[in-house]
Structures are given as structure tokens and as C-alpha cells.
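Chemist: build the 3D model from these lines:
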Amino acid sequence: MADPSLIAKPSMEYAHPARESSAGRGMGILTFIAAIFLVLVGLGYGGVYFYRQSLEEALDGLTRTLSQLEEDLDAEVIQEIARVDRGLTTARALLAAHVYSSNLFSLLENHTLSDVYYSDFTYSREGGAKLVGRARDFIVLHRQLEALRTVPLVTAVTLEDIELAGEEEGTRIDFTIHVAFAENLFRF
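Modeler: So this is what the prediction gives:
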């Protein structure tokens, strides 16, 4: 049946009854999330800003303290500190260049056979030593050379001179060897 109203209505209005829009509820949640995010960003920015301000104030305070300390130092005190620093630098250089020869003697004492003794010892600045000595026989001399070659701190052992020497109690071997040592043997 026809609508008794004299005002014409669109045809859609008759086809579908009026409904509530569901799009409004979805926009409310997104707006709420965006508002929370905006508040969190604002709080983070504010925290960083106040932290920066406190750091700048601390830096200003430390700068004022440093300038005050610089003003308080006397020129004579500064010269005395510089003189002591130069002395300490010289002492460090001397200690760095110091050679601990006792390490060398300990090494020779621990690795010299009982049938071998040294009569002359010459140390060189290049980290080596020339040893003049005497052994009971050739086998003992060979064992002594091998004993020195097995030491990790010995880099080279060279037999430079050998001579057969006769004595009342028997024949002996006089020898001269050159032993090169690793640099860290002389450092403590």
C-alpha cells in the first residue's frame, strides 16, 4: 500500500530500515590509541629535555669548579709539577731500558751440566753471550750444546772454538760458544 504522506521520500528509505553506524566505534579505539601514543611521546620528550637540562647544569658546575682550581694553582706549583713529571718520564725510560742480567745467570746455572764449567763470560748488548769453558770430553760438550738449544729463551747456540787440552788427571776440551738469547730474558 502506498504511503499516505504527500512528501516524496527516496526509494532507499523504504527498502532498508535505518541502522546504527558501526564505523564510529572503530574510529574511537584508533583515536584512543593515538592519544595514548601522543601522551607517551610527550612524556619521553619531556624526560629527555629535563635530563639534558640537568646534565648541562652539572657541566656548568664542573666547568666553574675547574676554572676556580686553575685560578687557585700557583705558577711555582705548576713548574714544580712539570719538573717532577719530567723526572718521572726519565725514570720510566731508564727502567724500560734496564737489563736484568740475573735472569741470564739463573738460566745458565739451571742448564749447565755438572761436567762443564765456564772460565770467561762476555755479554753483548745485542742480547748474546760468549762463553769460554771446559768440558770433560766431546760427548759432554755435545750434551751441553743440546741442553742450551732446548731452552725456549735461547735463540741460537754456535760453537766458535774448540781445543783439546791435556792435564794431569786427563784430557779436557776447551771451547768457546756464542749463545743468543730472546729479548724477554732480560726484562723482568
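Chemist: in this structure, where is pLDDT below threshold?
Modeler: Scanning the chain for pLDDT under 70 picks out 1-26, 98-100, 167-169, 186-188.
Chemist: can you show me the helices along it?
Modeler: Under the criterion DSSP state H, the chain contains helices at 11-15, 23-72, 75-97, 101-111, 138-149.
Chemist: the spatially closest residue to residue 178 that is not a sequence neighbour: neighbour count?
Modeler: Spatially, and ignoring its direct neighbours in sequence, residue 178 is nearest to residue 158 (4.6 Å; CB to CB, 6 or more residues apart in numbering). Glycine gets a C-beta too; all of them are placed from N, C-alpha and C. Using other CB atoms under 10 Å, the number of residues around residue 158 comes to 12.
Chemist: related to what we said a few turns ago, want to try JSON lines for the helices of the chain, with mean neighbour count as columns?
Modeler: Shown next, in JSON lines, are the helices of the chain (neighbours: other CB atoms under 10 Å):
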{"stretch": "helix 11-15", "mean neighbour count": "8"}
{"stretch": "helix 23-72", "mean neighbour count": "10"}
{"stretch": "helix 75-97", "mean neighbour count": "10"}
{"stretch": "helix 101-111", "mean neighbour count": "13"}
{"stretch": "helix 138-149", "mean neighbour count": "16"}
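Chemist: reformat those helices as TSV; add distance to residue 131.
Modeler: As requested, those are exported to TSV (distance: least, CB to CB, whole Å):
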stretch	distance to residue 131
helix 11-15	118
helix 23-72	60
helix 75-97	24
helix 101-111	8
helix 138-149	9
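Chemist: which other residues reach stretch 150-160?
Modeler: Defining contact as CB atoms under 8 Å, 6 or more residues apart in numbering, one finds that stretch 150-160 is touched by 107, 111, 130, 145, 148-149, 175-182, 184-185.
Chemist: sorry, slip of the keys, the one I care about is stretch 122-131.
Modeler: Against stretch 122-131 from outside (CB under 8 Å, 6+ apart): 101, 104, 108, 118, 120-121, 160, 176-183, 185-186.
Chemist: kindly check the end-to-end length of it for me.
Modeler: This stretch, stretch 122-131, spans 7 Å end to end (CA to CA, to the nearest Å).
Chemist: what comes up buried for it?
Modeler: For stretch 122-131, a neighbour-count test (16 or more other CB atoms under 10 Å) marks 127, 128, 129, 130, 131 as buried.
Chemist: how near is residue 147 to residue 36?
Modeler: The gap separating residue 147 from residue 36 is 82 Å, by CB to CB, to the nearest Å.
Chemist: ditto for residue 29
Modeler: For residue 29 relative to residue 36 (CB to CB), the value is 11 Å.
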